[in-house]
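Q: Please work out how this folds:
(one chain, ligands or ions: 1)
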Amino acid sequence: MQINGITFSHGKKPIFNDFSIYLPEKEITCILGNSGVGKTTLLKLIARIYQVENGTIEGNQKRVSYLFQEPRLLPWKTVFENVEYVLLNKLSKAEREERITDILEQVGLTAEKHSFPHELSGGMKQRAAIARAFVGKPDILLLDEPLQGLDVVKKMEIHELLLTLWDRYQPTVVYVTHDVAEAIAVGQQILVFHGRPVAVQCQCFVHTPLPKRNAEDEQAYLKGISEHLLLQMKLANEI
Ligand SMILES: Nc1ncnc2c1ncn2[C@@H]1O[C@H](COP(=O)(O)OP(=O)(O)OP(=O)(O)O)[C@@H](O)[C@H]1O
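A: Got it, this is the predicted structure:
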């Protein structure tokens with residue numbers, strides 16, 4: 001997906017001014033940056049929730065899924081019905097049943113199929129939201145700090161799950177986070193944003209096979225990237 005010279009302001013606040021970046025198709029780009037820099041605004045421009053004032057966003061945007069910080073499940077619907085909601089009017093009942101059964105099995109919520117959101121843990125709720133995000137087989141998946149509030153172990157489990165689902169469905173992913181470790185765990189390209197209007201402070205590529213990232217010889221490499229990104233975030237904060 002090519003973002004070409006876009007300009008966008010919130011009122012008189014210029015967020016993007018002739019801003020361009022390339023988001024590789026079917027890869028995962030993570031975006032880091034200070035609070036308020038414009039990360040969510042970029043996701044909303046990609047999703048066409050906001051319209052660019054100038055410039056273009058080019059890519060296959062037929063099916064876009066958006067995963068938010070909070071799971072945003074409908075409390076009066078079961079897990080199955082929440083996932084089904086995005087497929088209504090698109091597939092037959094039998095096709096929906098098959099697709100939802102499959103995705104719930106992948107996210108580990110088969111037993112919770114008929115549970116309501118208030119009966120689920122935080123991690124389970126976010127798994128249900130992940131199932132809902134992937135069930136429509138999106139071309140583009142936008143994630144806005146989806147794991148905030150989860151403990152480290154749950155985060156690691158969900159990183160693995162996201163990578164497995166990404167591997168299977170191959171959407172172009174744009175993943176906003178504040179967490180360098182998270183960006184390295186899931187990203188192939190990592191961008192650090194800074195300034196107003198936004199500029200790219202640094203661009204990193206993580207060259208490790210996905211989703212397996214446990215080999216010892218990768219640890220030093222990943223540590224190096226982590227230190228580099230932390231330094232760039234610190235510099236971005238000082239500019
Ligand atoms: N609807 C809006 N109206 C006016 N200003 C807005 C609106 N949405 C965001 N802003 C402002 O635009 C700037 C960018 O906001 P945005 O939410 O994109 O930042 P962010 O990088 O995602 O921040 P965070 O990491 O805290 O979520 C901020 O200064 C914010 O206050």
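Q: Could you use CA atoms for every contact and neighbour count after this?
A: OK.
Q: Secondary structure element holding Ser226?
A: helix 216-238 (DSSP states H and E).
Q: can you list contacts of that helix?
A: For helix 216-238, contacts defined as C-alpha atoms under 8 Å, 6 or more residues apart in numbering pick out 32-34, 180-181, 184, 192-195, 201-202, 204, 206, 208.
Q: can you tell me which of those are in helices?
A: Using DSSP state H, the members of the contacts of helix 216-238 that fall within helices are Val180, Ala181, Ile184.
Q: export these to JSON lines and tack on distance to the ligand and neighbour count?
A: Shown next, in JSON lines, are these (distance: C-alpha to the nearest ligand atom, whole Å; neighbours: other C-alpha atoms under 10 Å):
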{"residue": "Val180", "distance to the ligand": "13", "neighbour count": "21"}
{"residue": "Ala181", "distance to the ligand": "16", "neighbour count": "16"}
{"residue": "Ile184", "distance to the ligand": "18", "neighbour count": "21"}
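Q: Do me a favour and get the end-to-end distance for stretch 131-149?
A: 19 Å (C-alpha to C-alpha, to the nearest Å).
Q: for stretch 42-57, same thing?
A: First-to-last distance for stretch 42-57 - C-alpha to C-alpha - comes to 10 Å.
Q: can you list the weak-confidence ranges in the protein?
A: For the chain, applying pLDDT under 70 flags the ranges 208-218, 238-239.
Q: hmm, 90 instead?
A: The model of the chain has pLDDT under 90 over residues 59-62, 68-71, 86, 88-91, 146-156, 178-182, 184-185, 202, 204-239.
Q: Which residues of it lie near the ligand?
A: His10, Asn34, Ser35, Gly36, Val37, Gly38, Lys39, Thr40, Thr41 (C-alpha under 6 Å from any ligand atom).
Q: show me where this structure has helices.
A: Going by DSSP H, the chain shows helices at 39-46, 79-84, 93-106, 122-135, 152-169, 180-186, 216-238.
Q: returning to that earlier point: of all the contacts of helix 216-238, which two lie farthest apart?
A: In terms of C-alpha to C-alpha, these reach their longest pairwise distance at Gly195 and Thr208, which sit 29.8 Å apart.
Q: Compare these two (neighbour count), which wins?
A: Gly195 (19 against 16; other C-alpha atoms under 10 Å).
Q: got the residues of the chain next to the ligand as a markdown table, with neighbour count and distance to Phe116 columns?
A: Output for these, formatted as a markdown table (neighbours: other C-alpha atoms under 10 Å; distance: C-alpha to C-alpha, whole Å):
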| residue | neighbour count | distance to Phe116 |
| --- | --- | --- |
| His10 | 11 | 37 |
| Asn34 | 17 | 35 |
| Ser35 | 11 | 33 |
| Gly36 | 12 | 34 |
| Val37 | 19 | 36 |
| Gly38 | 21 | 34 |
| Lys39 | 22 | 32 |
| Thr40 | 20 | 29 |
| Thr41 | 18 | 31 |
